[in-house]
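Visitor: generate a structure from the sequence data that follows.
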Amino acid sequence: MKICLVTPFAWSQPHDVNEHVAGIAEELRALGNTVTVLAPSTRNADLVAGQRALARGEQADLIAIGAALPISRRSRLGVPVGVSANLRLALEQGRFDVVHGFEPGLPSISYLALRDSKALGVATFVSPERLGFPPRRALREKLLARLDALLATSATTAAAAAERFPGDFRVVSPGVDTELFAPATKRRVVVIELHSGSLPVARAALRSLRELPGWEAVLLRTKPLATRPAIPLALRDRVRVRSGRRPATRAAVLADASIVVPVPTGSGRLRLEAMAAGAALAEPPGVAGQPELASAAVARLAGDEGLRERRGREAREAAEGQSFRDVARELDELYGSLGGRRRVPKREADPLAGRPWLVADLHMHTHWSHDCSIDVDELLDHAAATGLGAIAVTDHNVFGGALEAVERSRGRDLIVIPGEEVKTDDQGEVIGLFLHQEIPRGMTFAETVDAIREQGGVVYLPHPFDRMHAIPFPATLHRHLHEIDVLEVYNARLLFEGYNDEALRFARKYGLPMGAGSDAHVLQGVGTGVLRMRAFDGPEEFLLSLRTAEVLRRPKSLAYLQSLKWVAQVKEKVR
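Guide: As a prediction, the model looks like this:
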């Protein structure tokens with residue numbers, strides 16, 4: 001597969017996200033995939049090489065698409081125009097099967113890549129502190145509709161991300177280089193992680209050394225300029241402060257450490273690296289609220305060599321199953337499974353080539369709907385007069401109008417598809433075509449689809465992205481992707497054309513059969529959204545005809561049509 005990994009952080013600087021990306025990229029290539037990393041950079045050599053690759057249309061392991069800018073979860077700073085243009089060019093030239101963006105909750109190239117790419121999209125969230133973008137719910141939902149998988153590197157991050165980006169999250173390990181972070185001969189050394197959010201824990205762990213003669217401590221910074229607690233005068237000859245921003249430095253510190261104190265707000269990567277190095281972790285439950293528990297945990301491990309060695313062995317064994325190779329294999333399997341979401345269009349000759357062409361409006365209403373006053377006979381007469389060859393009568397939560405239309409159309413040169421637009425409990429509406437009896441409203445999305453299937457009907461999803469009305473959650477759309485027979489890509493009554501464009505993009509991405517309808521509530525709206533398709537008989541031939549159908553847009557002023565609907569409703573109330 002051709003895979004694109006997008007990180008928002010400068011590739012030229014050490015960062016936990018970039019370490020994750022670099023580790024899985026190498027192992028994904030070892031599995032036979034072509035992997036390109038898109039990232040900003042502060043290194044001139046990277047920028048020059050990136051510009052050369054874009055200008056020549058070359059594939060490269062790394063393409064630096066622009067200079068790195070400061071990123072903040074509260075920032076409103078947009079990505080520069082030049083960087084956005086380079087990103088679009090890289091995505092177009094790469095023709096990737098999968099685009100995998102990291103930390104898309106930041107205003108960054110990861111967000112833009114996942115938003116604009118037409119490839120299968122995967123998002124990974126690493127920190128619960130990087131979830132503030134985009135601020136508008138509608139934009140987050142738009143992004144979610146374009147994502148095929150949601151990942152997080154911890155259960156805590158998954159829970160936090162799910163509040164902003166609802167969906168089915170899968171927790172994957174951040175990954176570790178088990179060869180670099182290998183155990184060495186252990187000495188009496190306690191490594192204490194430094195993080196500004198957990199200084200009381202670090203202070204408590206450091207105080208435990210007063211009762212541990214012969215033990216040393218290393219205060220390890222994983223972030224630049226991290227604050228540290230004051231070192232007591234009596235301990236200064238046994239305490240060192242080290243900066244561990246780069247993996248090799250951390251590996252040297254952790255290799256001979258017997259005990260590691262990972263703080264609650266610290267780096268999940270450091271914790272996993274300490275496990276790989278065979279260190280015993282001093283991380284008692286509740287330590288964030290009671291820092292002194294860290295001191296007790298260090299004292300217990302220091303005083304019991306057998307316990308310390310056993311915990312170290314168990315930690316190493318657990319880390320060996322979370323190597324970058326293991327993570328890459330899991331991702332490779334995930335990418336492969338996502339490929340099955342796309343329906344490959346059949347290239348065979350038109351199965352209904354001998355049939356005449358007709359124009360079909362697949363979504364309209366009669367006076368059986370609560371918000372419509374069109375008489376069934378008037379609808380049939382008007383449809384025939386405007387040149388329609390087929391219509392689908394899809395009243396809201398009632399089936400009587402469809403049955404009446406089928407009965408009254410006998411003898412006419414007009415195909416009438418009996419249908420119903422069914423309101424689900426909280427996931428918008430689903431239209432069933434070729435039904436035989438009414439389906440009750442208020443069921444779940446899945447139950448409504450099953451009820452349509454039980455009648456041998458066709459599942460037609462109307463206006464799936466019209467955010468002016470109740471619509472399915474993105475997770476629901478993806479979960480039931482293979483049960484959608486037809487996706488409505490043009491609805492003539494939508495206020496914003498962008499909602500139709502989003503549906504068209506979705507249908508093209510997954511190879512879904514496309515539908516169109518006027519959603520008419522007044523006669524003047526009938527036929528404003530139609531399909532040109534081959535004549536058909538029954539649901540099987542209908543689906544075959546959709547393979548060669550063409551969407552025709554015949555828009556009229558929505559304000560005009562809506563005003564006619566309101567006038568008709570007022571007249572009904574006055575009667």
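Visitor: tell me the secondary structure of the most centrally placed residue in the chain, please.
Guide: The centroid of the chain falls nearest to L147 when counting by Cα atoms, centre = their mean (3.2 Å). Following DSSP: H, G, I helix; E, B strand; the rest coil, the label given to L147 is coil.
Visitor: distance check, it against A113.
Guide: 11 Å (Cβ to Cβ, to the nearest Å). To be clear about C-beta, it is placed using only N, CA and C from the backbone, and glycine gets the same treatment.
Visitor: what does A160 give?
Guide: From A160 to A113 the distance is 22 Å (Cβ to Cβ).
Visitor: settle it for me: which of these two has more neighbours?
Guide: Taking neighbours as other Cβ atoms under 10 Å, A160 and A113 compare with A113 leading, 28 against 19.
Visitor: just checking, that one touches V99?
Guide: Yes - with contact defined as Cβ atoms under 8 Å, A113 and V99 form a contacting pair (5.6 Å).
Visitor: what do the two both touch?
Guide: Common contacts of A113 and V99, defined by Cβ atoms under 8 Å, 6 or more residues apart in numbering, comprise 4, 6, 91.
Visitor: most neighbours among those residues, please name it.
Guide: Top of the shared contacts of A113 and V99 by neighbour count (other Cβ under 10 Å): V6, with 28 neighbours.
Visitor: so what's that one up against?
Guide: With Cβ under 8 Å, 6+ apart, V6 has these contacts: 37-39, 99-102, 109-110, 113-114.
Visitor: L91 too?
Guide: The contact partners of L91, by Cβ under 8 Å, 6+ apart, come to 4, 99, 113, 116-117, 119.
Visitor: next: R250.
Guide: The contact partners of R250, by Cβ under 8 Å, 6+ apart, come to 181, 220, 222, 244, 270, 273.
Visitor: the residue nearest to the centre of the chain reaches A123, doesn't it?
Guide: Yes - L147 is within contact range of A123, at 5.3 Å (criterion: Cβ under 8 Å).
Visitor: overlap in contacts of those two?
Guide: Listed as contacting both L147 and A123 by Cβ under 8 Å, 6+ apart are L114.
Visitor: so where is the protein shaky, pLDDT-wise?
Guide: 70-78, 225-226, 347-348, 555-575 (pLDDT under 70).
Visitor: switch to 80 and redo it
Guide: 68-79, 81, 224-228, 345-349, 554-575 (pLDDT under 80).
Visitor: and the most far-flung residue of it relative to its centre, how far is that from R210?
Guide: Distance to the chain centre peaks in the chain at A234, reaching 53.0 Å (criterion: Cα atoms, centre = their mean). Between A234 and R210 the distance is 7 Å, computed by Cβ to Cβ.
Visitor: then A10?
Guide: Taking Cβ to Cβ, one finds A10 at 41 Å from R210.
Visitor: in terms of neighbours, single out the busier of these two.
Guide: Higher neighbour count among A10 and R210: A10, with 21 against 12, using other Cβ under 10 Å.
Visitor: from what I see, that one and P40 are in contact.
Guide: Yes - assessed by Cβ under 8 Å, A10 is found in contact with P40 at 5.4 Å.
Visitor: what sits in contact with each of the two?
Guide: A68.
Visitor: so the nearest residue to G511 once chain neighbours are set aside: helix, strand or coil?
Guide: In space, and not counting its chain neighbours, G511 is closest to R343: 3.6 Å by Cβ to Cβ, 6 or more residues apart in numbering. Assigned by three-state DSSP, the conformation of R343 is coil.
Visitor: how much space separates R343 from A475?
Guide: According to Cβ to Cβ, R343 stands 20 Å off from A475.
Visitor: so for these two, which residue has more residues nearby?
Guide: Legend: neighbour count by other Cβ under 10 Å for R343 and A475, higher for A475 (19 against 13).
Visitor: now do the contacts for that one.
Guide: For A475, the contact set (Cβ under 8 Å, 6+ apart) comprises 144, 166-168.
Visitor: 7 Å - rerun?
Guide: 166-168 (Cβ atoms under 7 Å, 6 or more residues apart in numbering).
Visitor: neighbour count and secondary structure added to the residues you listed, as CSV?
Guide: Putting those into CSV (neighbours: other Cβ atoms under 10 Å; DSSP: H, G, I helix; E, B strand; the rest coil) gives the following:
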residue, neighbour count, secondary structure
P166, 15, coil
G167, 19, coil
D168, 11, coil
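Visitor: between those residues, which is closest to S373?
Guide: The closest of the contacts of A475 to S373 turns out to be P166 (Cβ to Cβ; 38.3 Å).
Visitor: that closest one and G400, how far apart?
Guide: For P166 relative to G400 (Cβ to Cβ), the value is 37 Å.
Visitor: now N491
Guide: 23 Å.
Visitor: any chance you could map the helices in the stretch 201-350 of the chain?
Guide: Along the stretch 201-350 of the chain, counting by DSSP state H, counting those that start in this stretch, helices occupy 247-255, 268-276, 292-303, 305-320, 324-339.
Visitor: can you tell me which of those helices is packed in deepest?
Guide: helix 268-276 (a mean of 24; mean count of other Cβ atoms under 10 Å).
Visitor: packing partners of that helix?
Guide: helix 247-255, strand 280-281, helix 305-320 (3 or more Cβ pairs under 7 Å, 6 or more residues apart in numbering; DSSP states H and E).
Visitor: closest to Q290 out of those?
Guide: strand 280-281 (17.1 Å).
Visitor: partners of that closest one, with directions?
Guide: When sheet partners are counted by DSSP bridges, strand 280-281 sits next to strand 257-261 (parallel).
Visitor: got the CA positions of the strand it pairs with in PDB?
Guide: What follows is strand 257-261, C-alpha atoms only, in PDB (Å, rounded to 0.1, in the frame of the first residue of the first chain):
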ATOM      1  CA  ALA A 257      18.300   2.200  36.400                       C
ATOM      2  CA  SER A 258      16.600  -0.200  38.800                       C
ATOM      3  CA  ILE A 259      13.600   2.000  39.600                       C
ATOM      4  CA  VAL A 260      11.800   4.600  37.500                       C
ATOM      5  CA  VAL A 261       9.200   7.000  38.800                       C
END
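Visitor: so what's the residue lying closest to G517 once chain neighbours are set aside up against?
Guide: Distances taken as Cβ to Cβ, 6+ apart put H363 closest to G517, at 2.5 Å, once the chain neighbours are dropped. Residues counted as contacts of H363 (Cβ under 7 Å, 6+ apart) are 392, 394, 431, 462, 488, 491, 517-519.
Visitor: narrow these to those in strands?
Guide: Under the assignment DSSP state E, these contribute 392, 394, 431, 488, 491, 517 to strands.
Visitor: please name the nearest non-neighbouring residue to A516.
Guide: Y490 (4.1 Å).
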